[in-house]
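[1] sequence and predicted structure, then a few things I'm wondering about:
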Amino acid sequence: MNNGANVAAASGPTAAVALAGVDITFRLAGGGTYAAVQNASLDVADGEFVAIVGPTGCGKSTLLNVTAGLFPPSKGTVGIFGAPLDGLNRQSGYLFQSDSLFPWKTALDNVAIGLETAGTPRDEALARAQEWLARVGLGSFGPRFPHMLSGGQRKRVGLAQVLIRDPKILLMDEPFGPLDAQTRQIMGNLLLELWSAERKAVMFVTHDLEEAIALSDRVVIMSAGPAARIIGDWRVTLSRPRDIAEIKSDPAFHQLHRDIWQTLKAEVMKGYAQTGG
Amino acid sequence: MSKVALLSLQLIVAVVSLGAWYVLTTVPIGGTTLLPPFFFSNPVDVAARVVKWFADGTIWKHLWITLIEAMLAFVIGSVGGVLVGFWFAQQPRVAAVFDPYVKMINALPRVVLAPIFTLWFGLGIWSKVALGVTLVFFIVFFNVYQGVKEVSPTVLANARMLGMNDRQLMRHVYWPSALSWMFSSLHTSVGFAVVGAVVGEYLGSAAGLGYLIQQAEGVFDVAGVFAGMFVLAAFVIAIDWVVTLVENRLLVWRPVAAETRT
């Protein structure tokens, strides 16, 4: 059993993401402060798929937002490929939990926009967007507007929108959270397929431990908030390529799930006790 | 209900109303006509008046004047509303300072401004345009302000992560969002532009549909008043139809209420 808080991951300056001693504190509207995350240190190697699991409201998304550079940490440092992060993290792509497509753009334009902002001529951007739509299985859905697509299809467009920019780091905040179980599985497999073609560093936030183990190389557990900390770090040695549905019947998967769940369960209970949920 | 059935029912409403109007104003019932023709005219006279206006061509000048006034009011009011709406939404401090004054002016019944505008801009079209602008401006302004404010934070964060700079954010996020709000109020703002033009004409002018109605009223020519009203109604319906066409084209990305998908 590997319950050490420190798996010697790809540390050092070459790590794709290096969070060191990160505190995130919010000022509350009525005065006072709320410590969301405390002393979080995490290294993600280039090409490594790390899942971050924790109870609801534990600050997982906050940690992701800081890595994306959407706001700076209150204390500690964020290193991206060895350089300290200043402002937005230009090397990362972010797949959000809630709908983030531009409702006034067609699926094709939604995917192309990430290239257009970088100055790619529109014709070329559209041609490459069409390729990406085909890669996520929506080749014929280009002219549709987001409201004409199902939840799963919108996530596919979102994935293409992010990946077309070829970010070195992929940040995902419970991206498949709103989807039904079957669609989640299909999306998980699609994600793994795309990721194995071009390995990027992935930080995948979820509250679903099974999903985390099935997808990732490493599972990081966060404690219940406030002042959430990283309390566990497991390496997932299951072989790749994986099929999300099949891997769940692997005995090694079950063993790992039991191990991690022992740690996670206590935190989930604490989380429930605090939110009264 | 099928389209044909609906249309026939709509026609029946028109025929019955016109028929009742005709009978009550021309056929004596129990010795008296219930609606004295002096006050209510009758449909035949009114129709004859409308036909005469179109036949001798006098109506076109008035229609044209009213249309020009309404269009100018709409364009100037919209441009002003969009600019100020964007400005206020981007500068919360400016918005906070001007807030009570905006509310105050908006609460003012705009008709009372008409005499001032007549003094300032004369009896020509510009005093009517000014009145329409004060009506259109606030509708567009409030909607654009709301549209910029209500952009989903996730969409905004996504736009930034996709590498948009301030100019691109404006073009690809704030602008479409503000426009969608503005277009959703297009019927109202175009309607108010026409109201501004006609009311302005009614209160003092030398041409336009409002002038036509006011002149007829001045000589107790009830048929002329009704004829003016019918022409105005048809004019507004025609404009509304054009607005619907424009709207369907511009807001193609918006979900239609009847269309539910999961």
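    It's in.
[2] quick check, pLDDT for A:Tyr34.
    According to the prediction, A:Tyr34 has pLDDT 88.
[3] could you list the low-pLDDT ranges of the stretch 151-277 of chain A?
    A:275-277 (pLDDT under 70).
[4] please enumerate the helices of it.
    Per DSSP state H, counting those that start in this stretch, the stretch 151-277 of chain A carries helices over the ranges A:151-163, A:181-197, A:209-215, A:244-247, A:251-275.
[5] reformat the ones you listed as a markdown table; add mean neighbour count and distance to chain B.
    Every residue, glycine included, has its C-beta placed from N, CA and C. Output for the helices of the stretch 151-277 of chain A, formatted as a markdown table (neighbours: other CB atoms under 10 Å in any protein chain shown; distance: least, CB to the nearest CB, whole Å):
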| stretch | mean neighbour count | distance to chain B |
| --- | --- | --- |
| helix A:151-163 | 24 | 7 |
| helix A:181-197 | 16 | 11 |
| helix A:209-215 | 22 | 21 |
| helix A:244-247 | 16 | 23 |
| helix A:251-275 | 15 | 22 |
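[6] who in the stretch 1-150 of chain A is up against chain B?
    A:68, A:70, A:88, A:90, A:92-94, A:96-106, A:113-114, A:117-118, A:145-150 (CB under 8 Å from any CB of the partner chain).
[7] how near is A:Leu138 to chain B?
    Distance, A:Leu138 to chain B, by CB to the nearest CB, to the nearest Å: 15 Å.
[8] quickly find the element holding that residue.
    Using DSSP states H and E, A:Leu138 maps to neither a helix nor a strand.
[9] once you drop chain neighbours, what's closest to it?
    Closest residue to A:Leu138 apart from its sequence neighbours, by CB to CB, 6 or more residues apart in numbering or on different chains: A:Arg156 at 5.4 Å.
[10] can you select the buried ones among the residues of the stretch 1-150 of chain A next to chain B for me in ChimeraX?
    Per 16 or more other CB atoms under 10 Å in any protein chain shown, the buried members of the residues of the stretch 1-150 of chain A next to chain B correspond to this ChimeraX selection:
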select /A:68,70,92,93,94,96,97,99,100,101,102,103,104,105,106,113,114,117,145,146,148,149
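[11] which ones among the residues of the stretch 1-150 of chain A next to chain B are found in strands?
    A:92-94 (DSSP state E).
[12] quick check, pLDDT for the closest residue to B:Gly228 other than its chain neighbours.
    In space, and not counting its chain neighbours, B:Gly228 is closest to B:Ile213: 3.8 Å by CB to CB, 6+ apart. Per-residue confidence at B:Ile213 stands at 93 (pLDDT).
[13] look at B:Trp175 and tell me its secondary structure.
    The assignment at B:Trp175 comes out as helix when based on DSSP: H, G, I helix; E, B strand; the rest coil.
[14] got a list of what it touches?
    Counting by CB atoms under 8 Å, 6 or more residues apart in numbering or on different chains, B:Trp175 touches no other residue.
[15] any chance you could map the helices in the stretch 1-150 of chain B?
    B:3-26, B:37-40, B:43-56, B:58-90, B:92-107, B:114-121, B:125-149.
[16] and of these, who's closest to A:Gly177?
    helix B:125-149 (26.8 Å; CB to CB).
[17] that closest one packs against which elements?
    helix B:58-90, helix B:92-107, helix B:114-121, helix B:175-184, helix B:186-203 (3 or more CB pairs under 8 Å, 6 or more residues apart in numbering or on different chains; DSSP states H and E).
[18] now do that helix, average pLDDT.
    Per-residue scores along helix B:125-149 average to 92.
[19] that helix to helix B:114-121, inter-axis angle?
    Using axes from the mean of the first three to the mean of the last three CA atoms, to 10 degrees, the inter-axis angle of helix B:125-149 relative to helix B:114-121 is 110 degrees.
[20] okay, now the residue in the stretch 1-150 of chain B positioned nearest to chain A: neighbour count?
    Residue nearest to chain A within the stretch 1-150 of chain B (CB to the nearest CB): B:Gly147, separated by 11.2 Å. Residues lying near B:Gly147 (other CB atoms under 10 Å in any protein chain shown) number 24.
[21] quick one: name the residues of the stretch 51-200 of chain B near chain A.
    Counting by CB under 8 Å from any CB, the stretch 51-200 of chain B sits next to chain A at B:152, B:154-155, B:157-165, B:168, B:172-173, B:176-177, B:180.
[22] can you do 6 Å?
    B:154-155, B:157-158, B:161-164, B:168, B:176 (CB under 6 Å from any CB of the partner chain).
[23] tell me the secondary structure for A:Phe26?
    Applying three-state DSSP: A:Phe26 is strand.
[24] okay but it is in contact with A:Val37, surely?
    No: judged on CB atoms under 6 Å, A:Phe26 makes no contact with A:Val37 at a distance of 10.1 Å.
[25] so the two - more neighbours on which side?
    A:Val37 (28 against 15).
[26] so which elements touch the helix or strand where that one lies?
    If you go by DSSP H and E, A:Val37 is part of strand A:33-44. Packing partners of strand A:33-44 (3 or more CB pairs under 6 Å, 6 or more residues apart in numbering or on different chains; DSSP states H and E): strand A:17-27, helix A:60-68.
[27] run the last query once more with 8 Å
    strand A:17-27, helix A:60-68, strand A:75-80, strand A:201-206, strand A:230-235.
[28] return the set of buried residues in the worst-scoring helix or strand of chain B on mean pLDDT.
    Counting by mean pLDDT, DSSP states H and E, chain B has its least confident helix or strand at helix B:175-184, which shows a mean of 85. The neighbour-count check on helix B:175-184 (16+ other CB under 10 Å) flags B:175-183 as buried.
[29] outline the domain layout of the chain.
    Since you didn't name a chain, this refers to chain A. According to automatic domain parsing, chain A comprises the domains A:17-91+A:167-275, A:97-149.
[30] could you do chain B instead?
    Taken from automatic domain parsing, chain B resolves into B:1-40, B:41-250.
[31] looking at those domains, which is closest to A:Met222?
    Going by CB to CB, the one of these nearest A:Met222 is domain B:41-250, 21.3 Å.
[32] span of that closest one from start to end?
    43 Å (CA to CA, to the nearest Å).
[33] that domain: how far from the chain's middle?
    Taking CA atoms, centre = their mean, to the nearest Å, the mean C-alpha location of domain B:41-250 is offset from the chain mean by 5 Å.
[34] circling back: kindly reformat the helices of the stretch 151-277 of chain A as JSON lines containing distance to B:Val112.
    Output for those, formatted as JSON lines (distance: least, CB to CB, whole Å):
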{"stretch": "helix A:151-163", "distance to B:Val112": "51"}
{"stretch": "helix A:181-197", "distance to B:Val112": "60"}
{"stretch": "helix A:209-215", "distance to B:Val112": "65"}
{"stretch": "helix A:244-247", "distance to B:Val112": "70"}
{"stretch": "helix A:251-275", "distance to B:Val112": "56"}
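[35] for B:Val79, find the nearest of the ones you listed.
    Going by CB to CB, the one of the helices of the stretch 151-277 of chain A nearest B:Val79 is helix A:151-163, 33.1 Å.
[36] what is the closest one packed up against?
    By 3+ CB pairs under 8 Å, 6+ apart, helix A:151-163 packs against strand A:92-95, helix A:107-116, helix A:122-135, helix A:181-197.
[37] wait, which of those is closest to B:Ala234?
    When these are compared (using CB to CB), the closest one is helix A:107-116, at 39.8 Å.
[38] show me what contacts A:Arg242?
    A:192, A:214-215.
[39] 7 Å instead?
    By CB atoms under 7 Å, 6 or more residues apart in numbering or on different chains, A:Arg242 lies in contact with A:192, A:214.
[40] show me the shaky parts of the stretch 1-150 of chain A.
    Looking at the stretch 1-150 of chain A by pLDDT under 70, you get A:1-13.
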